[in-house]
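Peer 1: this one's structure only:
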């Protein structure tokens, strides 16, 4: 079974600085999708960024980018120019095809003003 | 923006009572998921449907939980009888199984407290 591991239960960063959240996963598949979701205190799950495993180019969405290392099964999220509104729980998730999302345990990100 | 609508947003009930949570998926989405979030277990899949047919409900305690899609605009999750250990946030999510790159869209969740 696929598993997703987020080894950092909590992270903090100064406003305007850069922070990287780690995620590793275990799968025997070669074709799959990876996602980062953000969950602010409102508890809404918000899709931040997505990556297709067959694409070598790392995905980027404004201040959010990923470092996808397929051989190492690593999928980290980098947030540049951190803002107070970035404070949230961040979940890494794996999906094969149109199947279920498998989530990591989450990383709570605090932004210090 | 299209959204997944879940009701109720919060529910407090007494142990032993029946609880029904409802979800309206995004129009046109053919895949619907129910997830449960707790501090201890994180986000766990309970069940999911494609084109209203159940595909996987292995994560759901069968003795007390049931999930259905009476039509394409409504998914329900029922707990009978409820127990304190069922206290959690229950999320519904929907997606288009034919558009693999799209992420799934989540509702705002139902926070269930069983006392």
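Peer 2: Nice, thanks for sending it over. A quick note: this is a predicted structure, and the numbers were derived from the prediction, not measured.
Peer 1: Please identify the nearest residue in space to residue A:48, excluding sequence neighbours.
Peer 2: residue A:36 (4.4 Å; CB to CB, 6 or more residues apart in numbering or on different chains). Just so you know, the C-beta spots here come from the backbone N, C-alpha and C atoms, and that holds for glycine as well.
Peer 1: residue ranges with poor pLDDT in the chain?
Peer 2: Looking at chain A here, since you left the chain open. By pLDDT under 70, chain A contains no weakly predicted segment.
Peer 1: Switch to chain B, please.
Peer 2: Scanning chain B for pLDDT under 70 picks out the ranges B:99-101.
Peer 1: So what's the gap between stretch B:59-78 and the chain middle?
Peer 2: Distance, stretch centre to chain centre, for stretch B:59-78: 7 Å (CA atoms, centre = their mean, to the nearest Å).
Peer 1: Show me which residues of chain A are close to chain B?
Peer 2: For chain A, the residues in contact with chain B (CB under 8 Å from any CB of the partner chain) are A:33, A:35, A:37, A:42-47, A:50, A:52, A:91, A:97-98, A:100-106.
Peer 1: Filter those residues down to the buried ones.
Peer 2: Neighbour counting by 16 or more other CB atoms under 10 Å in any protein chain shown classes A:33, A:35, A:37, A:43-45, A:47, A:50, A:91, A:98, A:100-106 among the residues of chain A next to chain B as buried.
Peer 1: Quick check, central residue of chain A?
Peer 2: Closest to where the C-alpha atoms of chain A average out (CA atoms, centre = their mean) is residue A:36, at 3.5 Å.
Peer 1: Would you confirm that residue B:103 contacts residue A:49?
Peer 2: No - contact criterion CB atoms under 8 Å: residue B:103 and residue A:49 do not qualify, at 9.1 Å.
Peer 1: middle-most residue in chain B, spatially?
Peer 2: Central residue of chain B (CA atoms, centre = their mean): residue B:34, at 3.1 Å.
Peer 1: so residue B:114 touches residue B:18, yeah?
Peer 2: No - using CB under 8 Å, residue B:114 is not in contact with residue B:18; the gap is 11.3 Å.
Peer 1: What are the boundaries of the helices in chain B?
Peer 2: Along chain B, counting by DSSP state H, no stretch forms helices.
Peer 1: got the residues of it near chain A?
Peer 2: Proximity of chain B to chain A, by CB under 8 Å from any CB, involves residues B:31, B:33, B:42-43, B:45, B:48, B:50, B:56, B:89, B:91, B:93, B:95, B:97-98, B:100-101, B:103-106, B:108-109, B:111.
Peer 1: Would you write a ChimeraX line that selects the buried entries of those residues?
Peer 2: This is how ChimeraX selects the buried members of these, with burial counted by 16+ other CB under 10 Å:
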select /B:31,33,42,43,45,48,50,89,91,93,95,97,100,103,104,105,106,108,109,111
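Peer 1: Just the ones of the residues of chain B next to chain A in strands?
Peer 2: Among those, the ones falling in strands (DSSP state E) are B:31, B:33, B:42-43, B:45, B:48, B:50, B:56, B:89, B:91, B:93, B:95, B:105-106, B:111.
Peer 1: Other residues contacting stretch A:13-28?
Peer 2: Residues from elsewhere that reach stretch A:13-28 (CB atoms under 8 Å, 6 or more residues apart in numbering or on different chains): A:2-8, A:11, A:34, A:36, A:67, A:72-84, A:90, A:92, A:94, A:96, A:102, A:104, A:107, A:109-113.
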